[in-house]
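**Student:** A structural model of the following input is requested.
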Amino acid sequence: MTVLEVHPSDSPDVWSVVVDDVSVAGTHEPFVEGVAFTAPAGEVTLVATDPGLPQVALALAIGGRVELLRGRVAFGGVTDRAELQRCTRLVDVADVTSPEEAITVRAVVQEELALAEQPASRAAVAAFLAERDLADRAGRPWGRLPAAVRTSLLLELGALHPHVRILVLSGPDRHGGDPAPWLETCHRLAATGLAVIVLTTAATVSALSTLAVAPAVSKESLA
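**Tutor:** Okay, the predicted model is just below:
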């Protein structure tokens, strides 16, 4: 597994997500096994994971949504699953939190605002989209938006929840398109103090490392 950590500052932060030797049971063998990394608050952490079920399983594990076969996930030293669920937003996890492509942009934004405990009236949805120059696309199918725009919107909407301290974005590369816009959104949201974790393939981690701002990039390979 490869981890890329992007550090906007050198100040230490105890509010880190610590994934320590985590394994999640699968049907015949673990979906993920022996995963370990630290994702500090205020930073973007890219984690290379096999696509499909392994990414989904690891996202659910980080967010306290599944029982672990082995290991622990802690946030600020707390391992309580209910607290992890309260503080974590799982973004675009396939077949879990990913929106259906056929429903309208307006409907997706309305649902996500409601989940974030924000005003979700028609006027609130219209204002959200207008602020992002997307008012003319409100009635279009979600799947018709460019992939990077969809991912960025889901990140922003997930970050609106008052209790969220951790964003876990799963498999954004499966949609294709230019990753630079959603990576910039990850940086911007991390700068507000969130721990932003992106689960993606090793090839995408390698590609995204060239988009990080040098020289504040460090790489670490974990067995």
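
**Student:** Relative to the helix or strand hosting Asp21, what are the paired strands and their orientations?
**Tutor:** For Asp21, the host element (DSSP states H and E) is strand 17-24. Neighbouring strands of strand 17-24 in its sheet, by DSSP bridges, are strand 32-39 (antiparallel), strand 70-75 (antiparallel).

**Student:** Can you list the buried residues in the last one?
**Tutor:** The one in question is strand 70-75. Of all the residues in strand 70-75, those buried under the rule 16 or more other C-beta atoms under 10 Å are Gly71, Val73, Ala74, Phe75. From N, CA and C alone the C-beta is placed, and that goes for glycine too.

**Student:** how about the residue most central in space within the chain, what does it touch?
**Tutor:** The residue lying closest to the centre of the chain (C-alpha atoms, centre = their mean) is Leu169, at 2.0 Å. Neighbouring residues of Leu169 by C-beta atoms under 8 Å, 6 or more residues apart in numbering: Val91, Asp92, Thr151, Leu155, Trp182, Cys186, Val196, Ile197, Val198, Leu199.

**Student:** Tell me the one among those nearest to Val56.
**Tutor:** Top of the list for closeness to Val56, among the contacts of Leu169 and by C-beta to C-beta, is Leu199 at 8.8 Å.

**Student:** So what sits opposite the closest one in the bridge?
**Tutor:** Val47, Ser170.

**Student:** So among the contacts of Leu169, which ones count as buried?
**Tutor:** Taking 16+ other C-beta under 10 Å as the criterion, what is buried in the contacts of Leu169 is Val91, Asp92, Thr151, Leu155, Trp182, Cys186, Val196, Ile197, Val198, Leu199.

**Student:** Of those, which belong to strands?
**Tutor:** Under the assignment DSSP state E, the buried ones among the contacts of Leu169 contribute Val91, Val196, Ile197, Val198, Leu199 to strands.
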